[in-house]
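Colleague: Next input, structure requested:
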Amino acid sequence: MKRHQNLLMMIAVVVLVALPLWMVKKPAPGPDGKDVQIFAGADDKAKDLVGTIVPAYKPWFKPLIEPPSGEIGSLLFALQAALGAGFIGYWYGSSKTRAQMRSKTEKEPRC
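Modeller: Model (predicted):
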């Protein structure tokens, strides 16, 4: 039963992540005729502003892998943040448990 419960929970998580991205409708083009990105972030706005201020600017580097859409880029960023938070939470929990175990062994009488 426990194995099926874990599997159902993993499927529910995948559905809860994928379903909203699938259901979002693409908006109409903006007033300038460009496609409007739903999940556009500050990076794109900064890139556009730099292009407006200095039209001849060329980036120093090109990305190794370009996500197919802004939504995928946002998903990868959120995944990176979740993995980082999980790592920090694991480290904090294990450090606290280690400290509790040390204090417990120090309080025990020695023979």
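Colleague: contacts and neighbour counts: CA atoms only from here.
Modeller: Noted.
Colleague: which residues sit against the lowest-mean-pLDDT helix or strand in the chain?
Modeller: The helix or strand of the chain with the poorest confidence is helix 42-53; it has a mean of 83 (mean pLDDT, DSSP states H and E). The contact list for helix 42-53 (Cα atoms under 8 Å, 6 or more residues apart in numbering) reads Y57.
Colleague: Dump the C-alpha coordinates for it into PDB.
Modeller: Extracted in PDB, the C-alpha atoms of helix 42-53 (Å, rounded to 0.1, in the frame of the first residue of the first chain):
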ATOM      1  CA  ALA A  42      13.400  40.800 -15.500                       C
ATOM      2  CA  ASP A  43      16.200  39.400 -17.600                       C
ATOM      3  CA  ASP A  44      14.300  39.900 -20.800                       C
ATOM      4  CA  LYS A  45      13.200  43.400 -19.800                       C
ATOM      5  CA  ALA A  46      16.800  44.300 -19.000                       C
ATOM      6  CA  LYS A  47      18.100  42.900 -22.300                       C
ATOM      7  CA  ASP A  48      15.500  44.900 -24.200                       C
ATOM      8  CA  LEU A  49      16.400  48.100 -22.200                       C
ATOM      9  CA  VAL A  50      20.100  47.600 -23.000                       C
ATOM     10  CA  GLY A  51      19.300  47.200 -26.600                       C
ATOM     11  CA  THR A  52      17.300  50.500 -26.500                       C
ATOM     12  CA  ILE A  53      20.100  52.400 -24.800                       C
END
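Colleague: Tell me the first helix or strand C-terminal of it.
Modeller: Using DSSP states H and E, the helix or strand that follows helix 42-53 in sequence is helix 70-107.
Colleague: What is the distance between that next one and the centre of its chain?
Modeller: Relative to its chain's centre, helix 70-107 lies at 15 Å (Cα atoms, centre = their mean, to the nearest Å).
Colleague: ok, and for it, which residues are buried?
Modeller: Within helix 70-107, the residues that count as buried by 16 or more other Cα atoms under 10 Å are 70, 73.
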